[in-house]
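sequence below, structure please.
(chains A and B)
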Amino acid sequence: MSLNDSVNTDLIIRTALCGALAMWLTAILSYVFKRSRTGLLFMLTGWLCVVALLVFLWINLGRPPMRTMGETKLWFACFLPVIAAILHFKFPQRAVTILILFLACVMCVKDILSPEAFDQTMRPALRSPWFIPHVVVYMVSYSCLALSGLIALWNLVTAFFKNEEIEPSKGTILFNLVQIGFPLMTMGMLFGAFWAKEAWTNYWSWDPKETWALITWGAYAIYIHVYWRMQKSVKLQMFILVLATIALLITWFGVSMLPSAAQSIHTYSK
Amino acid sequence: MTLDISPNSQKSFWKQPWRLRQSVAVVFCLSLPLLAVQLLSNGSPAVSPPYPANRIIAIVFVFVFMAIGFLFSKRLIVRWLAGLHLPLACGIVMTVLLIIATCLPSAILELPFPGLFFKKIRITNLQHSWYFAGCILILIISLSTAIGKKIRHLSFRKMGFMLVHGGVLLVLVAATFGTSEVVDMQIRLRLNNSPKNSFGLHEKKITLPAKISFASFELESYPPALALVTRADNGGEKITKANGLCKKDAEFNWNEISVKVLDFIPSAIHEMISNDWRKTEVKGACPAALVRATGPNGKFLAQGWISCGGPFSNTEELPLSIGRVLVMLSPTPKKFQAELNVLMDNGQPSRKFLTVNHPLKIGDYDIYLMDYDVPMGAATRTAGFTITKDPLLKYVYTGFVMIMAGTFWMLWFRPWKGGSLC
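Predicted coordinates for the structure are as follows:
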């Protein structure tokens, strides 16, 4: 069976995404009404919908579904509930799980509202053993780091409105998320450099995407240094984390909108 | 609020220990003369000294600052050099420059002012500018001093620090000072031309340890996609690509229009006399499809051949209604491969295949297949290659591995603390 067969691929994709969305919205409601176990069950079911969709796309497209923005968003939505589940068991806090599920829902809604032309094509440069590890490692790190940024923003906003200081222990868990995300981001970036040397003759070409990846990496490196050197400045740490997350979002989504994107060699969606 | 510029305030500003504000001021003050150099040199790129001077200077430079960090670790100026504020200031300045470089609309660069100014300061080519190189040198100084300082109290726990910072230092030094040793030459080879090992002219001439000639070219493409083109009176076009690729019996839908592929020939040629398309084995032939388009309620709109065209046939579109045509898009290449005949200096001949992601290594040189004559497709007679040589690449890669190992060491193999999230 391929995408050109009579199977309505669009319908399958939308059904799976709507299914995941419905499950996660129900999970959010369950968490709101303090039904954590039910929430976890719905979260898991939604996650299975996304995993099934990724498997379906992989088989039908005959290539890893990691080429376009919409496809990477699917991976992001897939990894978020995994982190939510880990956090659920390690530090059971409903607010965080709700935030994570909200983020995963946003990704699903974006994919439902702006469906992409899924096709089998993959440019020769993408046919490399580096492709899958580069994207997967990046997506896991983006999930952890975006999540830490979102929680930091939540903490800053609530502290602002309540006009109170943020406890240092709140910064510790965010640092734990960065502890997972930052080494993986480093790995993803350097895998990309090894791959670029094989495909484009140079490990670093200062392409807009690469430049912003470096800015993002630098921002998280600054956060780590500030966390270690200024343990008591929790607000500053969280502010840097939010800025780093903005840089991450620009690297992921925003680079294609920058004026310099026309010269980018990292464009695979067209 | 008033700005206090009395001598006392200036004295207190520069009083040690220096923090972020002083560091930003220092980086800014050092960057300004380099910016002036950039402007006075009419935008010429910053170059590292030639081999072997570049390596000697790099090693001496790094070791001098390491020694300073090691020997004078208690001095305030050394603490500042090895501290967080100086690299942070450097990072801020570099980030601002990089953001400007990536966010600058290309239209501004076309203007006499400030376009010419931006071109002179190489804002879109920062990596080769004097002031950016200056920032990197400050980073190298800071890292070298910090490592020298840490060596004094080296312990197993600090291994992660040494790996990450040593790795970054190695990458920066090798990449910055190694640019003068890098060879990066683009060449075009014609099919079946006589073998040669010498490329370029004068000082940029390179001689490979083997003679090479371009023997053959293969191109494998995906089936083409179809698209609905809506043309406006003002010449504008809206192209809506179909979901999926073209093949026999495939069906595509664009809201009210449905298209069925009745026949598909992946390699076709247009016959002028019969005005028909037939299958061919000729290299470079284009795909063609016989399609039938229907409107709402299955109303017949049009039927005919469409093709994206190629070196031997013209493009063929299918008009559906006024301003709307069905077209076939050029197929996306799946894989392209060049065969090179390689005759080594010792007389040993061999045949090598080059594809994207699989360069050919001859001695210290890497040869990459970059492109081909796209309009000619598989019938291309020329292909673009890039010959590169980067003697310091192994140091850059070692630095990469050290950074990766160090980040895992520093962040994963340390006690994890609990706490609350929100």
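
surely residue B:381 and residue B:189 touch.
No: the criterion here is Cβ atoms under 8 Å, and residue B:381 misses it with residue B:189 at 9.9 Å. C-beta here means a position set from N, CA and C on the backbone, and glycine is covered the same way.

out of these two, which sits in the more crowded spot?
Neighbours per residue, other Cβ atoms under 10 Å in any protein chain shown: of residue B:381 and residue B:189, the larger number sits with residue B:189, 21 against 14.

how about stretch B:276-294, does it reach chain A?
No: judged by Cβ under 8 Å from any Cβ of the partner chain, stretch B:276-294 makes no contact with chain A; its nearest approach is 12.5 Å.

how far off centre is that stretch?
Using Cα atoms, centre = their mean, to the nearest Å, the mean C-alpha position of stretch B:276-294 is found 36 Å from that of the whole chain.

again, but for stretch B:341-354
Once both centres are worked out by Cα atoms, centre = their mean, stretch B:341-354 turns out to sit 30 Å from its chain's centre.

same check on stretch A:163-170?
Counting by Cα atoms, centre = their mean, stretch A:163-170 comes out at 26 Å from the chain centroid.

do that stretch and chain B come into contact?
Yes: contact of stretch A:163-170 with chain B (Cβ under 8 Å from any Cβ) involves A:167, A:168, A:169, A:170.

the residues you listed in helices, which ones?
Under the assignment DSSP state H, those contribute A:168, A:169, A:170 to helices.

pull out the buried members of the residues you listed.
residue A:170 (16 or more other Cβ atoms under 10 Å in any protein chain shown).

so residue B:194 makes contact with residue B:213?
Yes: the criterion here is Cβ under 8 Å, and residue B:194 meets it with residue B:213 at 6.6 Å.

and the two? which has more neighbours close in?
Neighbours per residue (other Cβ under 10 Å) separate residue B:194 from residue B:213, with residue B:213 holding more: 17 against 7.

would you put the C-alpha positions of the helix or strand harbouring that one in CSV?
If you go by DSSP states H and E, residue B:213 is part of strand B:206-221. Listed next in CSV are the C-alpha coordinates belonging to strand B:206-221 (Å, rounded to 0.1, in the frame of the first residue of the first chain):
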residue,chain,number,x,y,z
ILE,B,206,46.1,22.3,-6.7
THR,B,207,47.6,19.1,-7.9
LEU,B,208,45.9,15.8,-6.9
PRO,B,209,48.0,12.6,-6.4
ALA,B,210,45.9,11.0,-9.2
LYS,B,211,44.5,11.9,-12.6
ILE,B,212,40.7,11.9,-12.8
SER,B,213,38.2,12.0,-15.6
PHE,B,214,34.4,12.0,-15.6
ALA,B,215,33.3,8.7,-17.2
SER,B,216,29.5,8.5,-16.7
PHE,B,217,26.5,9.9,-15.0
GLU,B,218,23.4,8.2,-13.6
LEU,B,219,20.3,9.9,-12.3
GLU,B,220,17.4,8.3,-10.5
SER,B,221,14.3,10.4,-9.9
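
that strand and chain A, any residue contact?
No: judged by Cβ under 8 Å from any Cβ, strand B:206-221 stays clear of chain A, getting no closer than 9.1 Å.

these two touch, right, residue A:46 and residue A:19?
Yes: between residue A:46 and residue A:19 there is a contact under Cβ under 8 Å: 7.3 Å.

which one of those two has more residues nearby?
Legend: neighbour count by other Cβ under 10 Å for residue A:46 and residue A:19, higher for residue A:46 (27 against 18).

next, the residue nearest to the more buried one when sequence neighbours are not counted: phi, psi?
Sequence neighbours aside, residue A:23 is the residue nearest to residue A:46 in space, at 3.2 Å (criterion: Cβ to Cβ, 6 or more residues apart in numbering or on different chains). Main-chain dihedrals, residue A:23, degrees, to the nearest 10: phi -60, psi -40.

same check on residue B:90?
For residue B:90, the backbone dihedrals (degrees, to the nearest 10) come out as phi -60, psi -50.

show me the contacts for it.
B:23, B:27, B:135, B:138, B:139, B:142 (Cβ atoms under 8 Å, 6 or more residues apart in numbering or on different chains).

coming back round to it: reformat the ones in helices among the residues of stretch A:163-170 next to chain B as JSON lines; add pLDDT.
Below are these laid out as JSON lines (pLDDT from 0 to 100):
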{"residue": "A:168", "pLDDT": "82"}
{"residue": "A:169", "pLDDT": "82"}
{"residue": "A:170", "pLDDT": "82"}
